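J.: got a predicted structure here, sequence first:
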Amino acid sequence: MGDKTEVWQGTLALMVLKTLEAMGPLHGYGIARRIEQTSGALLSINYGTLYPMLLKLEQEGYVSSDWGVSDNNRKAKYYKLTRAGRKQLAREVREWELTTTILAKFFAAAKES
Amino acid sequence: MYLRKLRGLAVRLTGWFGKAQRDRELAEELESHLQLHIDDNLRAGMTPQEARRQALIKLGGVAQTQEAYRRQRGLPLVEDLWQDLRYGTRGLFRQPAFTLVAIATLALGIGANTAIFSVINAVLLRPLPFSDPDRLLILYETFKPAGVTAISVPNLRDWQQQNTVFDGIAAYESRAFNLESGTDAERLPGMRVEANYFDVLGVKPQLGRTFLKGEDEAGNDTVVVLSDALWRERFAADPGIINKTIPLNGQKYTVVGVMPAALSTILHARAWAPLVFPEGEKTARGSRDYFAIARLKPDVSPEQAREQMGIIAARLEHQYTEVQSGRGAGFSKYEEEILGDVRTPLLMLMAAVAFVLLIACTNVANLLLARAAGRHREIALRMALGAGRPRLVRQFLTEGVLLAVLGGAVGVATAWLGLDLLGKLALAFLPRADEIKLDLRVLCFTLLISLLTGVVFGLAPAAQALKADVQAALKDGGKGSAQGFGGNRMRNALVVVEIAAAFVLLIGAGLLVKSFVKLRSVDPGLKPENVLTARMALAPERYKDADALRRFHKQVLERVAALPGVEAAGLTSHLAVEQFGTNGFLRVEGKTYPPNQEPLVELRVVSPDYFRAMGVPLLHGRMFDDHDTKDSPPTVLINETMAHAIWPGEDPVGKRVWGKPIWPGWVEVIGVVADVKNMGLARPPSPEFYFNYTHAGEGLLNNMTLAMRSRLESVALGSAVRHEVQAVDPGQPIYNVRTMQAVLDQTVAGRRLNVTLLGIFAALALILAVIGIYGVMSYTVARQTREIGIRIAFGAQKSDIHKLILGRGMILAAAGVAIGLAVALALTRLISGLLFGVSTTDPLTFGGFAVLLFVVALVAGYVPARRAVKVDPMVALRYE
């Protein structure tokens, strides 16, 4: 908790959506591990922060959830992307790419001068 | 996007339902999360304990996650509020003594604020019942030495014709009417007004019409407009009154309209009739008798109007140098005319109750601080369980506001009970006092100050909670580590604020009380004991000339003087102290003054026995007596001030002055009488001369006041006098039958109300402050029992302990008094106009109350200090 979540709120939501797109239905713990692994050692989050985020995405209709059974026979709640979630992901990815392109140009320009 | 957010909101709204089910589900989900993580950790080779610990750390706490999850699930703001309210209410019920004291304190503060604000709301804030009252002005002539004077008819006419800045100018004059009914008659305060008066005023009648063009010309003027109050009281609100006639001043007047109720208490008129200028005045440019109202045109600024009126006045001054030299035209807002005098006292009272509320707030803040200290462990526990600091602050604020709103509700009820009384007391001096009530605006104001109050004193414990150290508090087991420096500092600051506010209020009340006492001890220059006064107004329609008036007065005087027990009976055209005389510039035989610098003197018309009746001694020369008849040359008596002002070091007796406006010739001074405080008790006497009524014209004779010195009881004498007057003229009322003492009292009654109210508020403030200071001192000392025990164990003397505690109280008192002094010095300057014979920095008042507050602080510290040193050191050490 703390400032990190606030800064990463939007980003975290995007990562969750992307993870679900890449992995298919997944439980909270799995999403958390996956995000950490994907980011390498760069990102360390409190797993707890993920649950309010998942709830928010569910409230907004981007993900849906259902109880299932994990590979090692544990009961767990699985989240999966909805159609609205897919669209939202695509939109946010586009926006991010645009933002990073612009920023990259800025950094390049700053270096030149 | 937004639709999605909306959907989220909708889901969260429903998040209130099925809470238990959802909580269970989350608990299961988190448990499965932990299990999955633990499985992984075990696989990585950790011991089971370590695996679980690491999983928990990585999760960031189950309770915290649950709390964050819950906040996302529902609408935390609303839910928290509800929760805090429930929790707060439970807390208040659990400590009824604390709750009652807090609510009572707040109710006093908020109730007083509500009451005074309702008065301000009714009198100052609501717009006057005229259309566009901002453009309504009162016009007058100006004169260099005297300032403001009335307007003469020719000047008025020239202004009316030549200006292009006003929508209308209408002259008026206060004039009373006698309304006859059977053998009795009632005196109606009223006005004579030009026909366009109500149009300029911008008021429509509630019934009928106002005056028509031409009704203010001689012969057309027997029409009358009634006030709402008169219409209701005397005519049973009969809508058929229009076009009926009523007997007024011995003539039949046709009722043409009824004004709305709102007008009655502003204009002090019960009836209006058209103003017909006497023929003689229409050409007398130097005879200034009227005031006028004017309405500024919408597109004209006051500056433009002032400029044009200046040009017109300059032209008149040039054209009629003899009478207009040094004369100009001026105006001010009509609103100022009506409300100017009451604004300062009302704002002063509002400031006073604000200080009372401030003190009440600090007291409650202190209570809450003490309570919060006791709740320290609870707070720490809640933080450990995942309550964020903002959440805790909100909890405190909610509790504060809850208390304040409860206090406000009780306060409104109290104010409502007191308002009726306040309105009645204030009716005589406050315009619109009858409209004082708790309306929506007042209730909004009260709610607002309640919320503000709640936030103000809720913040103190909240700020303390923010500083709380969870670890320490929990370890300490709630054994009072709240007694940190922070808590003390805040409590001390509150005491300082309290002392400062009480000091300011005491100074204000002290200065006003002292003024009032001084005013009451002023020698009025007459002996009011055993004097009864009664006013008579003789209608010019019935008493057409001075001889008729004199005949009436002579008969009445003879009959009244013959009543058993009456020692002397006299008449005066203007009642002493209460009414100003008429004034004018005096020509003195043998003296020349530079132009416009003739002495300005007051004039009163009296009967010979007036001085004996009022107890005004003759200092020199002779009184009016039988030598002064209608046919003898007129004579005057002058007061001491006039003697010194005009003939310093000379004997005025035998000197002559020009008798205008009463006598067209020189009149001789026959004697000097003592000064009477005729301009009011608070003002020095003006040069004044008295004219014998035998020689006065009708203009000064039809509003005489009877003054009688007698040993009779006033009610009995009053009815005897009424009987005698009726015997002379059955249709003639007497009114305002009062003892002279009552007249004097009445001239200071407005001040008395101010002083009483401010005194009550100051006393309230002092009591609250004493309670607050004592509370804090004894609380602090009780908290230090252990420290004191250690000191005594180490050999400190009782006197050292006393010094320690009392010294702290003195420092607080000194700080409070210093701040209060600065504020008081800044504020008393604003009320200098309300003071009499006392300077705004009166050292006795300032010093006295400073000492009082030091004594209060001393006593407040002494009692707990005594208790503290009595404690056995062993017990003290084990204490807590």
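T.: Great, that's in hand. Numbers count the residues shown, from 1 in each chain, chains lettered A, B, ... in the order given.
J.: B:Val672 falls within a helix, correct?
T.: No. Secondary structure of B:Val672 (DSSP: H, G, I helix; E, B strand; the rest coil): strand, not part of a helix.
J.: neighbours of the residue nearest to it when sequence neighbours are not counted, how many?
T.: Leaving aside its chain neighbours, B:Val672 sits nearest to B:His620 (4.3 Å; criterion: CB to CB, 6 or more residues apart in numbering or on different chains). In short, each C-beta sits where N, CA and C put it, glycine included. By other CB atoms under 10 Å in any protein chain shown, the residues close to B:His620 number 15.
J.: show me what contacts B:His620?
T.: B:His620 makes contact with B:Ala643, B:Asp651, B:Pro652, B:Val653, B:Gly671, B:Val672 under the criterion CB atoms under 8 Å, 6 or more residues apart in numbering or on different chains.
J.: out of those, which is most surrounded?
T.: B:Ala643 (25 neighbours).
J.: list the helices and strands the helix or strand where that residue lies packs on?
T.: Element membership of B:Ala643 [criterion: DSSP states H and E] is helix B:640-646. Other helices and strands packing on helix B:640-646, by 3 or more CB pairs under 8 Å, 6 or more residues apart in numbering or on different chains; DSSP states H and E, are strand B:666-673, strand B:688-692.
J.: repeat the analysis, applying 6 Å as the threshold.
T.: With contacts taken as 3 or more CB pairs under 6 Å, 6 or more residues apart in numbering or on different chains; DSSP states H and E, helix B:640-646 sits against no other helix or strand.
J.: least confident secondary structure element in chain A?
T.: helix A:3-23 (a mean of 75; mean pLDDT, DSSP states H and E).
J.: where do the helices of chain A begin and end?
T.: Ranges of helices within chain A are A:3-23, A:28-38, A:50-59, A:83-112, based on DSSP state H.
J.: I'd like those as JSON lines, with mean neighbour count appended.
T.: As requested, those are arranged in JSON lines below (neighbours: other CB atoms under 10 Å in any protein chain shown):
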{"stretch": "helix A:3-23", "mean neighbour count": "16"}
{"stretch": "helix A:28-38", "mean neighbour count": "19"}
{"stretch": "helix A:50-59", "mean neighbour count": "22"}
{"stretch": "helix A:83-112", "mean neighbour count": "12"}
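J.: nearest to B:Ala262, out of the ones you listed?
T.: Nearest to B:Ala262 among the helices of chain A is helix A:50-59; the distance by CB to CB comes to 56.8 Å.
J.: so what's the model's average confidence on the closest one?
T.: Averaged across helix A:50-59, the pLDDT comes to 86.
J.: with stretch B:63-74 instead?
T.: Model confidence over stretch B:63-74, given as mean pLDDT, is 77.
J.: can I get the CA coordinates of that stretch in PDB?
T.: The C-alpha trace of stretch B:63-74 is given here as PDB (Å, rounded to 0.1, in the frame of the first residue of the first chain):
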ATOM      1  CA  ALA B  63      -6.900  -7.100   7.600                       C
ATOM      2  CA  GLN B  64      -5.500  -4.300   5.500                       C
ATOM      3  CA  THR B  65      -6.400  -6.100   2.300                       C
ATOM      4  CA  GLN B  66      -9.900  -6.700   3.500                       C
ATOM      5  CA  GLU B  67     -10.300  -3.100   4.500                       C
ATOM      6  CA  ALA B  68      -9.100  -1.800   1.100                       C
ATOM      7  CA  TYR B  69     -11.300  -4.400  -0.600                       C
ATOM      8  CA  ARG B  70     -14.400  -3.200   1.400                       C
ATOM      9  CA  ARG B  71     -13.700   0.400   0.400                       C
ATOM     10  CA  GLN B  72     -13.700  -0.600  -3.200                       C
ATOM     11  CA  ARG B  73     -16.800  -2.600  -2.800                       C
ATOM     12  CA  GLY B  74     -19.200  -0.100  -1.400                       C
END
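J.: that stretch vs chain A: in contact?
T.: Yes. Contact of stretch B:63-74 with chain A (CB under 6 Å from any CB of the partner chain) involves B:Thr65, B:Ala68, B:Tyr69, B:Gln72.
J.: for those, which one is nearest B:Pro664?
T.: B:Gln72 (98.0 Å).
J.: just give the nearest non-adjacent residue to the closest one, would you?
T.: A:Pro52 (3.9 Å).
J.: kindly provide the distance from A:Met23 to chain B.
T.: Separation of A:Met23 from chain B (CB to the nearest CB, to the nearest Å): 15 Å.
J.: just the pLDDT at the residue lying closest to B:Val342 once chain neighbours are set aside, thanks.
T.: Distances taken as CB to CB, 6+ apart put B:Leu430 closest to B:Val342, at 5.8 Å, once the chain neighbours are dropped. At B:Leu430 the predicted local distance difference test score is 80.
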